[in-house]
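>>> Sequence plus the predicted model coming up.
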2 protein chains.
Amino acid sequence: MLHVAEAARVSVATVSALINGTATVSPELSQRIEQAIRDIGYKRNAIARSLKMGTTRTIGLTVPHITNPFFTDVVSVIQQAFDRAGYAVMLCCTDEDLNTQDDQIKLLLDRMVDGLIVARVGDGAILKRIVDDANVPVVLLDRICKGVDTDAVVLDNQRAVFDAITYLINLGHRRIGYITGTSDISPMHDRMAGYREALHAAGLPIAEELIRFGNFHEIDGYNATMQMLSSHDRPSAIFSANNPMVIGTMKAIRDIGLSCPEDISVACFDDFPWSDVFQPQLTTVAQPVQAIGEQAANLLLDRLAGNRDAPPRKLVLKGRLMIRNSCRPLGAIAQSMSA
Amino acid sequence: MLHVAEAARVSVATVSALINGTATVSPELSQRIEQAIRDIGYKRNAIARSLKMGTTRTIGLTVPHITNPFFTDVVSVIQQAFDRAGYAVMLCCTDEDLNTQDDQIKLLLDRMVDGLIVARVGDGAILKRIVDDANVPVVLLDRICKGVDTDAVVLDNQRAVFDAITYLINLGHRRIGYITGTSDISPMHDRMAGYREALHAAGLPIAEELIRFGNFHEIDGYNATMQMLSSHDRPSAIFSANNPMVIGTMKAIRDIGLSCPEDISVACFDDFPWSDVFQPQLTTVAQPVQAIGEQAANLLLDRLAGNRDAPPRKLVLKGRLMIRNSCRPLGAIAQSMSA
DNA sequence: AACGCTAATCTAAACGTTTCGATCATGTCA
DNA sequence: TGACATGATCGAAACGTTTAGATTAGCGTT
């Protein structure tokens, strides 16, 4: 900018005024300055600007796994929204690890991001502290934390799983396996509650051996399914509360020599583009990814626009059960349906 | 830092020296400074540091679509690599649009990223100019550009498709449909060359009506497949040169009342985690995503470590044909196999 | 006792912006 | 004609660091 000013024989203040339109500058000087900018190929240095202005027009976004299609879709939507608003997005994958998450959030705050969208991991205590003394707006995505009182957009997970399990029960299933991630994060907790609620509402007992915990990866789903299917009294249906784990479930079913839906019904959380093309076509709980991403972006953009003092807003969206052909009716119901 | 210096009754230079370990500071002052840092909760401002140092320890990464599992996987690997090296990653999705890409690269350069990994889009001319006068190292990912002479990591696309098509030919297929993205990007161009080369090597004619262009999306694959299957002399096999489009192909096959592989064989580029679980299990060309991501990251990290003047390095990796059950033998070959 | 050497510390200038307040023409009005 | 408002431009400080070079203190040599 100094060079531009010199070339145009004006002060840097005038150049700045012209570029930002913060003051009127005469047509004559405007022209000289614009010419100089072109000649020199001047680009404003956003870092210097950020330092002076205290704002970077950059936000931080952390997700546990970017290879999980649910997060991929949401990230994509969020990215587009901020792109439109002239913000850059720094993406971090925490790999479902608490320390990684803390490090990355610190890294983002060091870089003075203007805001944060966090699909958090683990206990919220450290997150809360970090966020409290950095003074940036935060939106919680998909997963809320006790004690962290900020904007959030989440699914009504309990209801969604309640519906899915009830569907299985109505098909005649009585022993329904349930594979979940560690329940220290809210969606897993709430989904489990939906499972229990559905069984309870139907007057069915809860068999603890049918509830298996994994760590969100395919291999965890595989192992959990293997265990369940190897037992003497195996379930007639399995619900996987997490998207990548269902792949493991399907592999285990195949490897053990069973087939879905003939021998065992499967449903899971999160929809895929390919769910209704390949066999079996999975019955899933679809999340409104577009809405989730947009709402999260809007909440943050609203704070960034200056609306700092409004009370925390929590948006709860509804899932949708996509019924396909991976679940079979059982017993009397199957009889009556085939009759 | 000023506050810390005051609280510890030292100069800011000493604080800086201690934090960065750039000079020895006495145990006594060290202790006072550390205490002050804790008391005040001081965090170094990375923006101010970047301004002074001329480096942001941030890199830019642009991909056409983050919802494409291939890019998702590569992004994930790259992200991890830079995370380990203490770099942040700014991710941009260009949505396969040239203007968007140019805008985003400008945005990244404005923010003084130290380097760029680009899975480019469209003509490389503007990219080249932008990159030339910003003086940052660039690594081209997946797609190279004529005229842009930088580090790159790509697949041997021609060979990979040659192998896949030759496999189909060996199964007895003679009319093989080919669905591709617009061929102005190198992988699409090279893959097409592989297709033509394979047919040519087998002495088969190239039927131009069996080659269809789409825009990388599911719907494009759907339409292209619909057209091919509606013709009087439809192909016995279809190869989709792009990952999301194959979903469209499968949907079209279903909607037209055919089934794969009984009525038509299908193979495609890029592997999925679910490819070998659901039916039909797709025969695919798997890219070594881990290696691609790591190599790209390494190339850039090497430049960032100061190795600026080495000549451009181009890494060409090999794809692997994953043979599953979505392709059926045909004619005499089928006879002899069943015999 | 004067000197030089080393180690520890500090002063102050930079990095490239933004912006407040000052300056300076110019024209208007009493 | 002088006072004054207006509009355009500029000077310089500030944002929070890093760092070159200056300063100081301590200590062993000669």
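Cool, the structure landed.

>>> going forward, measure contacts and count neighbours with C-alpha atoms only.
Fine.

>>> Near chain B, which residues of the stretch 151-300 of chain A are found?
Taking Cα under 8 Å from any Cα of the partner chain as the contact definition, the stretch 151-300 of chain A meets chain B at A:247, A:250-251, A:254, A:273-274, A:277-280.

>>> Write the PyMOL selection for whichever of these are buried.
Buried subset of those, written as a PyMOL selection, criterion 16 or more other Cα atoms under 10 Å in any protein chain shown:
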select buried, chain A and resi 247+250+251+274+277+278+279+280
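
>>> need the residues of the stretch 151-300 of chain A next to chain B in TSV with secondary structure, pLDDT and distance to DNA strand C, can you?
Formatted as TSV, these follow (DSSP: H, G, I helix; E, B strand; the rest coil; pLDDT from 0 to 100; distance: Cα to the nearest atom of the strand, whole Å):
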residue	secondary structure	pLDDT	distance to DNA strand C
A:I247	helix	94	51
A:M250	helix	96	56
A:K251	helix	95	56
A:R254	helix	94	61
A:P273	coil	87	44
A:W274	coil	88	47
A:V277	coil	91	52
A:F278	coil	93	54
A:Q279	strand	93	57
A:P280	coil	95	57
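
>>> and which of the residues of the stretch 151-300 of chain A next to chain B is nearest A:F213?
Lowest distance from A:F213 to those (Cα to Cα) belongs to A:I247, with 15.3 Å.

>>> show me what contacts the nearest residue to the closest one once chain neighbours are set aside?
In this structure, A:I247 finds its nearest non-sequential neighbour in A:E218, 5.9 Å apart by Cα to Cα, 6 or more residues apart in numbering or on different chains. By Cα atoms under 8 Å, 6 or more residues apart in numbering or on different chains, the contact set of A:E218 is A:244-249.

>>> Please identify which pair of the residues of the stretch 151-300 of chain A next to chain B lies farthest apart.
A:R254 and A:P273 (21.8 Å).

>>> residues in contact with the closest residue to chain B within the stretch 151-300 of chain A?
Ranked by Cα to the nearest Cα, the top residue of the stretch 151-300 of chain A for proximity to chain B is A:Q279, at 4.7 Å. For A:Q279, the contact set (Cα under 8 Å, 6+ apart) comprises B:278-280.

>>> Spatially central residue in chain A, please.
Compute the mean C-alpha point of chain A, and by Cα atoms, centre = their mean the closest residue is A:F71, 4.4 Å away.

>>> Next up, the contacts around it.
Applying Cα under 8 Å, 6+ apart, the residues near A:F71 are A:63, A:65.

>>> Just the buried residues of stretch A:39-54, please?
Within stretch A:39-54, the residues that count as buried by 16+ other Cα under 10 Å are A:46-48, A:50-51.

>>> pLDDT added to these, as TSV?
Formatted as TSV, the buried residues of stretch A:39-54 follow (pLDDT from 0 to 100):
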residue	pLDDT
A:A46	95
A:I47	96
A:A48	96
A:S50	96
A:L51	95
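
>>> and the two most separated of those residues?
A:A46 and A:L51 (8.6 Å).

>>> that older thread, per-residue pLDDT of the residue nearest to the centre of chain A, please?
Reported pLDDT at A:F71 in the predicted model: 95.

>>> The helix or strand containing it: what's the following helix or strand?
Secondary structure from DSSP states H and E places A:F71 in helix A:69-84. Reading on from helix A:69-84 to the C-terminus, the next helix or strand found by DSSP H and E is strand A:88-93.

>>> do that following strand and chain B meet?
Yes: judged by Cα under 8 Å from any Cα, strand A:88-93 comes into contact with chain B through A:88-93.

>>> where's A:S50, which helix or strand?
Take DSSP H and E as the rule and A:S50 turns out to sit in helix A:46-53.

>>> any low-confidence regions in chain A?
In the predicted model, chain A carries pLDDT under 70 at residues A:332-335, A:337-339.

>>> Show me what from it comes close to DNA strand D.
With Cα under 7 Å from any atom of the strand as the criterion, chain A meets DNA strand D at residues A:9-14, A:23-26, A:28-29, A:48, A:51-52.

>>> Need the max-distance pair from the residues you listed.
A:E28 and A:L51 (30.9 Å).

>>> State the distance from A:H3 to DNA strand C.
Distance of A:H3 to DNA strand C, given as Cα to the nearest atom of the strand, to the nearest Å: 8 Å.

>>> Identify the residues contacting that residue.
Neighbouring residues of A:H3 by Cα under 8 Å, 6+ apart: A:I40.

>>> which of the residues in the helix or strand containing it are buried?
Taking DSSP H and E as the criterion, A:H3 maps to helix A:2-8. Residues of helix A:2-8 classed as buried: A:4-5, A:7-8 (neighbour count, 16+ other Cα under 10 Å).

>>> Can you add distance to A:Y195 and neighbour count and give the residues of strand A:88-93 next to chain B back as JSON lines?
Converted to JSON lines, those look like this (distance: Cα to Cα, whole Å; neighbours: other Cα atoms under 10 Å in any protein chain shown):
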{"residue": "A:A88", "distance to A:Y195": "40", "neighbour count": "24"}
{"residue": "A:V89", "distance to A:Y195": "36", "neighbour count": "25"}
{"residue": "A:M90", "distance to A:Y195": "36", "neighbour count": "23"}
{"residue": "A:L91", "distance to A:Y195": "33", "neighbour count": "23"}
{"residue": "A:C92", "distance to A:Y195": "32", "neighbour count": "28"}
{"residue": "A:C93", "distance to A:Y195": "29", "neighbour count": "21"}
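
>>> Sort out which one of those lies nearest chain B for me.
Looking across the residues of strand A:88-93 next to chain B and measuring by Cα to the nearest Cα, the closest to chain B is A:M90, at 4.4 Å.

>>> Identify the bridge partners of that closest one.
A:G60, B:M90 (DSSP bridges).

>>> Would you agree it is in contact with B:V89?
Yes: under the criterion of Cα atoms under 8 Å, A:M90 makes contact with B:V89 at 5.9 Å.

>>> Now for the residues of strand A:88-93 next to chain B: which two are most distant?
A:A88 and A:C93 (16.5 Å).
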